[in-house]
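Engineer: how would this look folded up:
(one chain, ligands or ions: 1)
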Amino acid sequence: MTTNLAIIQMDIAYGDPAVNRRQARTHIKEAVAKGGEVILLPEMWTTGYDLSRFDEIAETLDGPTHQLLAELAENHQVTIASSIAEREGEDFYNTFVVYDKNGECCMKYRKAHLFRLMDEEKYLKSGDQQGNFQLGETPVAGVICYDIRFPEWIRTHMLEGARGLFVVAEWPKSRVAHWRNLLISRAIENQCFVIACNRVGADPNNEFGGHSIVVDPWGTVVGEAGENEEILMVEVDFSRVEAIREQIPIFQDRRPDLYK
Ligand SMILES: O=C(O)CCC(=O)C(=O)O
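Structural biologist: Sure thing, here's the model as predicted:
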């Protein structure tokens with residue numbers, strides 16, 4: 001059975017959640033009209049990296065963005081995933097959330113590796129839980145941007161049985177070659193689908209690179225966006241993962257007695 005993915009590669013209005021919610025609503029409706037069943041938006045798409053204003057613009061998990069995502073997921077019977085600037089008391093997190101077809105938040109993952117180059121560690125707290133979840137019958141996982149530089153963290157999710165890795169990002173244009181190579185490597189070494197959404201446009205500090213991408217468990221790029229706004233549509237068959245894991249059984253051949 002196949003799944004239709006819609007990856008919304010959008011620009012983000014810096015520090016303006018109301019504008020971004022309006023844009024996202026339009027993009028999500030277009031993604032649904034194109035047949036998207038699982039819809040992915042970029043990292044912290046409501047706020048961008050306006051970290052010093054998080055006191056004003058980050059949301060609790062029942063805030064307006066969450067209400068919007070729950071409403072759209074339920075009304076259109078789709079799954080919607082992305083990360084949102086989360087407020088909990090006086091603390092802030094970069095949090096991956098997934099809304100299922102019932103409009104329920106079925107997964108919450110707080111970014112584990114904070115990215116110093118963009119000052120995340122000065123404003124945010126890191127999470128310490130994994131991002132595994134179920135997409136219907138298929139076990140998958142979600143991580144955020146810089147997390148993909150930590151293969152051991154991705155492998156930890158794969159050892160729980162994940163067959164797909166969803167990645168949301170605000171990855172700068174200057175390192176798009178790293179983005180592509182890291183994502184392709186994570187797909188090959190874990191024999192899983194990698195489904196990654198980056199933003200485009202610029203904020204006061206960075207220009208962002210786009211190139212949202214879907215890589216299959218053999219490491220082949222099966223869909224890739226350019227450097228402008230677009231909705232990347234890709235159909236995937238998660239059962240391919242089993243076939244490739246049988247062909248080259250790396251999970252059986254691991255030597256955890258030699259390494260973690
Ligand atoms: O690792 C990188 O080069 C980019 C990471 C990043 O932009 C982030 O985690 O927000």
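
Engineer: contacting residues around Tyr49?
Structural biologist: Neighbouring residues of Tyr49 by CB atoms under 8 Å, 6 or more residues apart in numbering: 14, 118, 170, 203, 205-206. All C-beta atoms are positioned from the backbone trio N, CA, C, and that covers glycine.

Engineer: so it belongs to a helix, correct?
Structural biologist: No: the assignment for Tyr49 is coil, going by DSSP: H, G, I helix; E, B strand; the rest coil, so no helix is present there.

Engineer: picking up where we left off before, show me which of the contacts of Tyr49 are buried.
Structural biologist: 14, 118, 170, 203, 206 (16 or more other CB atoms under 10 Å).

Engineer: please identify which pair of those residues lies farthest apart.
Structural biologist: Spatial extent of those (CB to CB) is set by the pair Tyr14 and Met118 at 13.1 Å.

Engineer: keep the contacts of Tyr49, but drop any that are not near the ligand.
Structural biologist: 118, 170 (CB under 6 Å from any ligand atom).

Engineer: go through the contacts of Tyr49 and flag which are in helices.
Structural biologist: Cross-referencing the contacts of Tyr49 against helices under DSSP state H gives no overlap.

Engineer: which of the contacts of Tyr49 sit farthest apart?
Structural biologist: Tyr14 and Met118 (13.1 Å).

Engineer: which positions in the stretch 51-200 of the chain make contact with the ligand?
Structural biologist: So the stretch 51-200 of the chain meets the ligand at 115, 118, 145-146, 149, 170-171, 175, 178 (CB under 6 Å from any ligand atom).

Engineer: what subset of those is buried?
Structural biologist: 115, 118, 145-146, 170-171.

Engineer: follow-up on the earlier one: closest one of the contacts of Tyr49 to Arg155?
Structural biologist: Distances from Arg155 to the contacts of Tyr49, taken by CB to CB, are shortest for Glu170, at 24.1 Å.
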